[in-house]
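J.: With the input below, show me the fold.
(one chain, ligands or ions: 1)
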Amino acid sequence: MGRIDESVWEDLVAEARVASKNAYCPESGLAVGAALLMPDGRMVPGSNVENASFGLTNCAERTAVFSAVTGGLKPGEARAIAVYTPTLEPVSPCGACRQVMSEFFSPRGRVRAVCDGPEIKEWTVSDLLPDAFTFRKAGDG
Ligand code: THU
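T.: Numbering: from 1, shown residues only. Purely as a prediction, here's the structure:
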């Protein structure tokens, strides 16, 4: 797993900023961008995609995870995700994204939130969702 170099974080943040430009957010106006780090070093972008039927909105983090899975990501493998919002304070991931990230990141996978202000927030996935729900069928041990 290992530490994420600052130069890699810089690249992830740059990708997340680009992704926010492609956000589809006519309802909220909050253009969120994310970039996920795959185990092989690839970076996968995501943006939030809203809908006139509000509940169908997909956050930038989940868009990045689902796209990474399409590109071959397996559970527990994602190393890091940067999330950019054009706000004065960093935004913290919603509960649905925490649950999805807990399945596809290592518990020590890192989440960094950046914005247009100076503050940066960083967590591990297990900081964001301790004791995450996992599903084991009866008899699976
Ligand atoms: N949103 C994200 O994409 N990621 C977050 O971490 C927080 C919220 C989106 C969902 C919705 O399109 C807009 O931001 C306002 O909630």
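J.: Find the centremost residue of this protein, please.
T.: Geometric centre of the chain, nearest residue: E61, 3.2 Å, by C-alpha atoms, centre = their mean.
J.: Provide the backbone phi and psi angles at that one.
T.: With angles defined as degrees, to the nearest 10, E61 shows backbone torsions of phi -60, psi -50.
J.: which parts of the chain sit against the ligand?
T.: 25, 28, 30, 32, 48, 50, 57, 59-61, 83, 91, 93-94, 97 (C-beta under 6 Å from any ligand atom). Using the backbone N, CA and C atoms, a C-beta is placed for each residue, glycine as well.
J.: If we use 8 Å, what do you get?
T.: Proximity of the chain to the ligand, by C-beta under 8 Å from any ligand atom, involves residues 23, 25, 27-28, 30, 32, 34, 47-50, 57-63, 83, 85, 91-94, 97, 113.
J.: Format the CA atom coordinates belonging to the longest helix anywhere in the chain as PDB.
T.: For the chain, the helix that runs over the most residues, judged by DSSP state H, is helix 6-21. The C-alpha coordinates for helix 6-21 follow below in PDB (Å, rounded to 0.1, in the frame of the first residue of the first chain):
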ATOM      1  CA  GLU A   6       3.200  14.600  -2.400                       C
ATOM      2  CA  SER A   7       3.900  14.700  -6.200                       C
ATOM      3  CA  VAL A   8       1.200  12.000  -6.700                       C
ATOM      4  CA  TRP A   9      -1.300  14.000  -4.500                       C
ATOM      5  CA  GLU A  10      -0.500  17.100  -6.700                       C
ATOM      6  CA  ASP A  11      -1.400  15.100  -9.800                       C
ATOM      7  CA  LEU A  12      -4.600  13.700  -8.200                       C
ATOM      8  CA  VAL A  13      -5.700  17.100  -7.200                       C
ATOM      9  CA  ALA A  14      -5.000  18.500 -10.700                       C
ATOM     10  CA  GLU A  15      -7.100  15.600 -12.200                       C
ATOM     11  CA  ALA A  16      -9.900  16.300  -9.600                       C
ATOM     12  CA  ARG A  17     -10.000  20.000 -10.600                       C
ATOM     13  CA  VAL A  18     -10.300  19.100 -14.300                       C
ATOM     14  CA  ALA A  19     -13.100  16.600 -13.400                       C
ATOM     15  CA  SER A  20     -15.000  19.300 -11.600                       C
ATOM     16  CA  LYS A  21     -15.300  21.200 -14.900                       C
END
